[in-house]
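Asker: Have a look; sequence and predicted model below, questions after that.
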Amino acid sequence: MYFLVVVAFALLLTDGLPSERWNLLPLRPGDSGLAAARPTLAVALSGIVAVGLAARVCNFLALRRHDGSSRGLDRLAETSVRGGHVVLGLLGGFVAFHFLCTPWIPVVRFRWGLGQWPLAAEVVLIAPFLAATVLSWVMLYPVDRVIRAATLRVRMLEGAPPQPVWGLGRYLDYKFRHQVLVIAVPMLIVILIRHYTSAHREGLARALRIPWAADALLGLAAAAVLLIAPALIRVIWWPSALPPGDLRDRLERLCRRVGLRVRNILVWDSGALIVNAAVMGFVAPIRYVLLSDGLVQSMHPRQIEAVFAHEAGHVRHHHLPFYLVFALCSMMIVGGALEGLVRLADVDDATLQLTAMAATLLIWGAGFGYVSRCFERQADVFGVRAIAPDIERCSDDCAVHGPTAAGVEAAHATAAAGPPPTAALCAGATHVFGSTLLQIADLNGIPREAPSWRHGSITARCRLLHDLARSPAAAARFDRRLRAIKVGLALVALVGAAGAAWLYWPAEAIRALLQG
């Protein structure tokens, strides 16, 4: 869902839409007000209804597969996951068609005159997409309620206190804040800044003696917004600090052991229905690790420590900065391809922007998914290594501890300063971490085999960990492959930056900048 929201806002930031070649509902010169918007509003309403009906059908098919048994619940969850993918695909197709093939953007910006008001046009433009999204959630709510109720019953059997399943209002509020606002608020801030940099483009170019000064300032502003995003999420998600106690002491000891610096450990409220964790923040003063209340209430402290160690792995392996490097690489690749297209063919700006968006989606759909899945597995491996010193007893075939208690004590002593960047995986820690992943999937009602674009399936992640634990050589190869991916990303970014400077920064601009 996050990716889809980003795509919707990227379309808002694309100038010149729709292209005359793609516009299926050209405006007549005299049309204004409601007359100008009537055809596009009809398309919007049709798209919203189509998405809602598709979600309703998916909900119906999923509920039909539930016969009250455990296997029936698994079938319901599997059908729900597949149906959710179909609905997301329809949502993406709807927002793309509405922006690319109808005059919705020029109607709102120019015929209605909202383009002169900061953010007014953007809120109206994105409204049909948001309406379709919320309607799909309403239609899929009955399936979600069945899954949540079943997982709560399992937790109660394991001794957890009884919890009510959230009602429709609470469900929609949670989904909107955690899946839409978390992206929309930073993006709207960037759009607001863009409104003012575009309005003063010529003045900025003269003052800074750089033709693309406005674009550079927008990029810097976007980076600043990304840097302060954790503070924004604190407002959107309403988390509270993890209270003092044994769990907090345990997690803070883990932070010291692995060298993780954070501003605070937070808990976000999901009505105990979500079992998950997240890390946010590029720098320690505004970095937070977040645990859901469902995770804290339903899992053993050792399992919570394993989840926390996974999030620490994202920080210690610098995954967030490398995600930005990937974004930079994608920009460089697409920019180079467009430069070649401009030099070889005569194309209009709208076609160029559509080509750029299609190429960007292709790169992110294939490349980012692969990189993200690799990074998730690297965080899993880090998590196993981080909790290994706490393993009291291990199996005889463990590559770290060995068959004796002395081996365990020696491993504890060498791991006191944190897990080394390259090391064998402890069999006992692998078992703890793998069982934690499986339990999280079960408590969230996620099929263990369900594929995930960014994370991969839970079963595949557990299988990899056990394979690496059985073979230290395979673990070493895994570490080398991840290092190669990062080096490759860095090299592509450096080469692309050098090429961009050569293409877009004329020699006279460099001389003027150096002369002051």
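Answerer: Yes, it's here.

Asker: ok, P162 - how many residues close by?
Answerer: 9 (other Cβ atoms under 10 Å). C-beta: built from backbone N, CA, C; applies to glycine.

Asker: Now do the SS call for it.
Answerer: coil (DSSP: H, G, I helix; E, B strand; the rest coil).

Asker: Can you tell me the closest non-neighbouring residue to it?
Answerer: In space, and not counting its chain neighbours, P162 is closest to M156: 5.7 Å by Cβ to Cβ, 6 or more residues apart in numbering.

Asker: element containing the one you found, please.
Answerer: Assigned by DSSP states H and E, M156 belongs to helix 120-157.

Asker: OK, contacts around the closest residue to R373 other than its chain neighbours?
Answerer: For R373, ignoring the flanking residues on the chain, the nearest one in space by Cβ to Cβ, 6+ apart is G456 at 4.6 Å. Contacts for G456 (Cβ atoms under 8 Å, 6 or more residues apart in numbering) come out as R373, E376, R377.

Asker: that's a helix at the first one, yeah?
Answerer: Yes: with three-state DSSP as the criterion, R373 is located in a helix.

Asker: Count the neighbours of A42 for me.
Answerer: A42: 12 neighbours (other Cβ under 10 Å).

Asker: Point me to the helix or strand that includes it.
Answerer: Assigned by DSSP H and E, A42 falls in helix 33-64.

Asker: and the helix or strand that comes right after that helix, which residues are buried?
Answerer: Following helix 33-64 in sequence order, the next helix or strand is helix 70-100 (DSSP H and E). The neighbour-count check on helix 70-100 (16 or more other Cβ atoms under 10 Å) flags 73-81, 83-84, 87-88, 90-92, 94-100 as buried.

Asker: Run through the neighbouring helices and strands of helix 70-100.
Answerer: helix 2-12, helix 33-64, helix 120-157 (3 or more Cβ pairs under 8 Å, 6 or more residues apart in numbering; DSSP states H and E).

Asker: Now Y2: closest residue in space that isn't a chain neighbour?
Answerer: I183 (5.7 Å).

Asker: That neighbour contacts V7, correct?
Answerer: No: I183 is beyond contact range of V7, at 10.2 Å (criterion: Cβ atoms under 8 Å).

Asker: just for this protein, where's the confidence low?
Answerer: Applying pLDDT under 70 to the chain flags the ranges 30-33, 160, 347-351, 353, 402-422, 503-516.

Asker: got the buried residues for the helix holding M156?
Answerer: Using 16+ other Cβ under 10 Å as the test for burial, helix 120-157 gives 121-122, 125-126, 128-141, 143-144, 146-148, 150-152, 154-155.

Asker: how about the residue nearest to Y2, phi and psi?
Answerer: Taking degrees, to the nearest 10, you get phi -100, psi -40 for the backbone angles of I183.

Asker: That one: what's it in contact with?
Answerer: Counting by Cβ under 8 Å, 6+ apart, I183 makes contact with Y2, V5, V6, F9.

Asker: Repeat that for A120.
Answerer: A120 neighbours (Cβ under 8 Å, 6+ apart): L114.

Asker: List the contacts of R201.
Answerer: R201 sits next to A213, A214 when contact means Cβ under 8 Å, 6+ apart.

Asker: just how off-centre is the helix holding M156 within its chain?
Answerer: The chain centroid and the centroid of helix 120-157 are separated by 18 Å, computed with Cα atoms, centre = their mean, to the nearest Å.

Asker: Now name the helix or strand holding the closest residue to E78 other than its chain neighbours.
Answerer: Nearest residue to E78 in three dimensions, chain neighbours excluded: P447, at 4.9 Å (Cβ to Cβ, 6+ apart). P447 is part of no helix or strand when elements are defined by DSSP H and E.

Asker: hang on, isn't P447 packed against D74?
Answerer: Yes: between P447 and D74 there is a contact at 6.4 Å, judged by Cβ under 8 Å.

Asker: dump the residue contacts of the closest residue to V51 other than its chain neighbours.
Answerer: Computed as Cβ to Cβ, 6+ apart, the closest residue to V51 that is not its neighbour in sequence is A132, at 4.3 Å. Residues counted as contacts of A132 (Cβ under 8 Å, 6+ apart) are G47, I48, V51, G52, L91, F94, V95.

Asker: How about G47, nearest residue that isn't a chain neighbour?
Answerer: In space, G47 is closest to F94, 3.9 Å off (Cβ to Cβ, 6+ apart).

Asker: ok, now which ones touch the residue nearest to E78?
Answerer: Counted by Cβ under 8 Å, 6+ apart, P447 has contacts D74, A77, E78, V81, A441.

Asker: wait, the second one sits on N444?
Answerer: The one in question is A77. No: look at A77 against N444 with Cβ under 8 Å: they stay out of range, at 9.5 Å.

Asker: helices and strands around the helix or strand harbouring A475, which ones?
Answerer: Remark: A475 resides in helix 472-504, with elements defined by DSSP H and E. Packing partners of helix 472-504 (3+ Cβ pairs under 8 Å, 6+ apart): helix 319-344, helix 369-387, helix 458-470.

Asker: what's the helix holding A42 packed up against?
Answerer: Partner elements for helix 33-64 (3+ Cβ pairs under 8 Å, 6+ apart): helix 70-100, helix 104-106, helix 120-157.

Asker: Apply 6 Å and report the result again.
Answerer: helix 70-100, helix 120-157 (3 or more Cβ pairs under 6 Å, 6 or more residues apart in numbering; DSSP states H and E).

Asker: chain center to the shortest one: distance?
Answerer: So that's helix 70-100. Remark: helix 70-100 is offset 17 Å from the chain centroid, using Cα atoms, centre = their mean.

Asker: just the angle between it and helix 33-64, please?
Answerer: 160 degrees (axes from the mean of the first three to the mean of the last three Cα atoms, to 10 degrees).

Asker: Please shift the residue numbers so they start at 58 in all later answers.
Answerer: Got it, the first residue is 58 from now on, which makes the last one we talked about helix 127-157.

Asker: Can you tell me which of the helices and strands packed on helix 127-157 is nearest to L409?
Answerer: helix 59-69 (14.6 Å; Cβ to Cβ).

Asker: If you count neighbours, what's buried in that closest one?
Answerer: F60, L61, V62, V64, A65, F66, L68, L69.

Asker: Closest one to L229 out of these, please.
Answerer: Among the buried residues of helix 59-69, and counting by Cβ to Cβ, the member closest to L229 is V62, at 15.6 Å.

Asker: Not counting its neighbours along the chain, what's nearest the closest one?
Answerer: In space, V62 is closest to I240, 4.3 Å off (Cβ to Cβ, 6+ apart).

Asker: Tell me the spacing between I248 and L70.
Answerer: Separation of I248 from L70 (Cβ to Cβ, to the nearest Å): 7 Å.

Asker: For the two, indicate the residue with more neighbours.
Answerer: For I248 versus L70, the count of surrounding residues by other Cβ under 10 Å is larger for I248: 19 against 13.

Asker: Three-state assignment for R85, please.
Answerer: coil.
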